[in-house]
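1. predicted structure and sequence below. I'll ask about it afterward.
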Amino acid sequence: MKARHAWPLTVLVLAACGSDISPRNDSGDDGNGGPDAALPGPGGAQAGFRADGTHYVGTIDATGSNWVYIDLETQTQVTPSAPESSDAWDIAFRGSDIKLNGGASGSPPTGDPVTVYGDRVDDGTPYPFDDAAEAPPRSAVSYTTDAAGGPFASGPDYAMTTHPEADQRANPLTGAGDHGWYHDTGRLQGSTITARENVAYFLSTVECRTYKLRMTGFTRDGVPGHPQFAIAEIPGDDCSAPGGGGSGGVAPLGRATFEDGADSTIAVVDAAADDVWVHLDLTNAQQVAPADPAGDPGWDLALQRTDIRMNGGASGPADVALDDREAADWAAIAAADADADAEWHADTADALAFVTYPPADPQHGAGCGPGAGDYGWYYYSSFCNDGEGIHHIYPRDVVYVLRGRDGNFWKLRVRAYYDDNGESAQYRIEYAPVAAP
């Protein structure tokens with residue numbers, strides 16, 4: 001069984017350190033009591049891995065009738081006795097089919113179902129794989145896993161052979177067309193299978209570690225049935241995101257510091273870990289580590305990747321809520337609006353207020369690709385380069401008035417999401433007290 005660890009994730013600056021491209025395990029344990037596995041991993045009788053500068057390359061012999069099961073963390077072929085209820089594998093190959101350990105294909109008893117988001121650019125354009133420094137937020141796109149097939153299907157609908165959308169719709173009689181990760185010339189043209197070069201996947205494993213993956217081929221030495229792929233670990237959201245309750249632990253102290261500004265306080269928060277939340281006490285300008293956040297009134301905000309929770313509504317027992325003011329003049333806000341004029345929003349079971357309000361501008365991000373647009377406090381660029389690259393998070397021009405857990409009121413805005421080195425989920429949040437209504 002694969003052990004679950006708190007994996008610290010950072011943007012992979014691989015061009016600068018090509019020898020250090022392995023997933024990181026700061027615990028020093030491989031989950032089986034031994035040291036970290038040296039990667040590229042050992043593979044197996046039907047699987048091989050090698051390093052290739054900015055990523056790893058996997059090659060699978062999927063020519064047989066049995067599935068080839070792979071643990072992505074250790075890059076090892078495994079042989080689970082009961083794959084449908086095993087934590088040992090993430091992805092499996094058989095011919096052109098690829099299945100995930102989730103949904104109709106598996107139920108990991110102590111881990112998360114494996115999910116993917118299938119992404120594509122224009123047909124004929126290679127996917128900018130190296131430019132994808134982090135996975136699209138779950139509030140922006142839909143991650144999926146294998147589903148049960150229809151009444152006339154021969155098996156499950158495998159997520160990677162049904163997503164993303166086809167450029168050339170498959171002919172139901174000949175099979176010619178696109179089938180998720182691959183293109184098939186069809187029976188009339190020899191059924192040659194090639195990887196779609198404009199497609200990539202963002203995959204979350206049983207341990208909720210996130211990888212970018214791009215299928216690169218299906219034939220080796222002239223023999224089909226040998227799927228090949230490029231893969232690298234990148235930062236991503238917690239598997240439960242978005243939502244008010246969710247899961248995930250409490251970050252240890254030391255993930256947040258506070259700086260005094262001229263008339264405000266700056267909270268500098270490392271929220272990069274995808275399995276813990278960083279909890280902030282605004283009044284005392286400190287990080288706290290509540291034993292039971294859902295029942296503890298002693299925190300105001302909690303941060304993880306692009307998500308921000310408030311201690312109220314579905315996220316906690318206090319009464320923290322926000323009133324959003326888009327394009328407001330920071331200096332001019334001296335008091336919270338009277339309750340009759342304010343629109344206070346709290347977290348719900350289905351949505352976090354900070355990633356819901358203010359509502360999206362329907363024109364912002366139009367034409368930038370799947371998921372592009374506004375999500376409360378931030379804008380996600382998808383495939384548009386709005387100044388700092390594709391798949392980028394930009395704080396929106398919005399000031400929040402926050403009703404704190406202890407009767408204090410604050411004005412608050414997110415000033416930055418990246419640090420000077422380009423590492424993501426490194427917040428700079430400015431806040432200052434304002435008068436009560």
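-> Yep, that arrived. Numbering: from 1, shown residues only.

2. where does the protein dip in pLDDT?
-> Along the chain, the model assigns pLDDT under 70 to residues 1-38, 151-153, 241-247.

3. all helices of it, in order?
-> 159-162 (DSSP state H).

4. now the farthest one out in it, which residue is it?
-> Farthest-out residue of the chain from its mean C-alpha position, per C-alpha atoms, centre = their mean: L188, at 40.1 Å.

5. pull the contacting residues for it.
-> 174, 176 (C-beta atoms under 8 Å, 6 or more residues apart in numbering). (Glycine included, C-beta is placed from N, CA and C.)

6. how far away is it from D275?
-> 49 Å (C-beta to C-beta, to the nearest Å).

7. do P395 as well
-> Taken as C-beta to C-beta, the span from P395 to D275 is 24 Å.

8. list the contacts of the residue nearest to the spatial centre of the chain.
-> Among the residues of the chain, the one closest to the centroid is G236, at 3.0 Å (C-alpha atoms, centre = their mean). Residues in contact with G236, defined by C-beta under 8 Å, 6+ apart, are 9, 134-135, 202, 204, 209-210, 274, 305.

9. what about 6 Å?
-> By C-beta atoms under 6 Å, 6 or more residues apart in numbering, G236 lies in contact with 135, 210, 274.

10. what sits closest to it if chain neighbours are left out?
-> In space, and not counting its chain neighbours, G236 is closest to T210: 2.8 Å by C-beta to C-beta, 6 or more residues apart in numbering.

11. ok, that neighbour - how many residues close by?
-> Residue neighbour count, defined by other C-beta atoms under 10 Å, stands at 24 for T210.

12. that one contacts A135, correct?
-> Yes. Counting by C-beta atoms under 6 Å, T210 does reach A135; the two are 4.9 Å apart.

13. list the residues that contact both of these two?
-> 234, 236.

14. ok, the nearest residue to A104 once chain neighbours are set aside - contacts?
-> Spatial nearest neighbour of A104, excluding adjacent residues (C-beta to C-beta, 6+ apart): P156 at 3.9 Å. Applying C-beta under 6 Å, 6+ apart to P156 gives the contacts 104-105, 146, 148-149.

15. what subset of these is buried?
-> For those, a burial check counting by 16 or more other C-beta atoms under 10 Å picks out 104-105, 146.

16. for the nearest residue to A132 once chain neighbours are set aside, name its beta-bridge partners.
-> Closest residue in space to A132, ignoring its immediate chain neighbours: K212 at 5.1 Å, by C-beta to C-beta, 6+ apart. K212 has these beta-bridge partners by DSSP bridges: F202, A232.

17. report the contact partners of K212.
-> Contacts of K212 by C-beta under 6 Å, 6+ apart are 132, 202, 232, 234.

18. rerun at 10 Å
-> Residues in contact with K212 (C-beta atoms under 10 Å, 6 or more residues apart in numbering) are 12, 55, 119, 127, 129-130, 132-135, 200-203, 230-234, 236, 391.

19. so which of the residues you listed sit within strands?
-> Using DSSP state E, the members of the contacts of K212 that fall within strands are 55, 119, 200-203, 230-233.

20. ranges for the strands of the stretch 301-437 of the chain?
-> For the stretch 301-437 of the chain, the strands defined by DSSP state E, counting those that start in this stretch cover 301-304, 307-310, 321-326, 373-375, 378-380, 393-395, 398-403, 409-416, 426-434.

21. the longest one pairs with which strands?
-> Sheet pairing here is set by DSSP bridges, and for strand 426-434 it gives strand 265-270 (antiparallel), strand 409-416 (antiparallel).

22. again, but for the fourth one
-> Paired neighbours of strand 373-375 in the sheet (DSSP bridges): strand 378-380 (antiparallel).

23. repeat that for the first one.
-> Partner strands for strand 301-304, per DSSP bridges, with pairing direction: strand 276-281 (antiparallel), strand 307-310 (antiparallel).

24. among those strands, which is the most enclosed?
-> For the strands paired with strand 301-304, the largest average neighbour count (mean count of other C-beta atoms under 10 Å) is found in strand 307-310, namely a mean of 29.

25. residues near G298, how many?
-> 17.

26. how about D319?
-> D319 has 17 neighbours, counted by other C-beta under 10 Å.

27. now swap in R305 and tell me
-> R305 has 26 nearby residues by other C-beta under 10 Å.

28. spit out the contact partners of it.
-> Counted by C-beta under 10 Å, 6+ apart, R305 has contacts 9, 134-135, 137-139, 210, 235-238, 241, 271-274, 277, 393, 417, 424-425.

29. from A425, how far off is it?
-> Distance from R305 to A425, by C-beta to C-beta: 5 Å.

30. list residues touching both of these two?
-> Shared contacts of R305 and A425 (C-beta under 10 Å, 6+ apart): 9, 134, 235, 237, 271-274, 393, 417.

31. how about CSV for these, with distance to T76 and neighbour count added?
-> Shown next, in CSV, are the shared contacts of R305 and A425 (distance: C-beta to C-beta, whole Å; neighbours: other C-beta atoms under 10 Å):
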residue, distance to T76, neighbour count
L9, 21, 23
E134, 25, 25
P235, 23, 21
D237, 26, 26
A271, 31, 23
A272, 26, 23
A273, 25, 23
D274, 22, 25
I393, 34, 22
Y417, 35, 21
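
32. out of those, which is nearest to S381?
-> I393 (7.8 Å; C-beta to C-beta).

33. show me what contacts that closest one?
-> With C-beta under 10 Å, 6+ apart, I393 has these contacts: 134, 137, 140, 305-306, 375, 377-381, 414, 416-418, 424-425.

34. how about 8 Å then?
-> Shown in contact with I393 (C-beta under 8 Å, 6+ apart): 137, 306, 378-381, 417-418, 424.

35. what about the residues you listed, which one has the most neighbours?
-> Going by other C-beta under 10 Å, T306 tops those with 28 neighbours.

36. so it touches Y379, yeah?
-> No. Between T306 and Y379 there is no contact under C-beta atoms under 8 Å: 10.8 Å.
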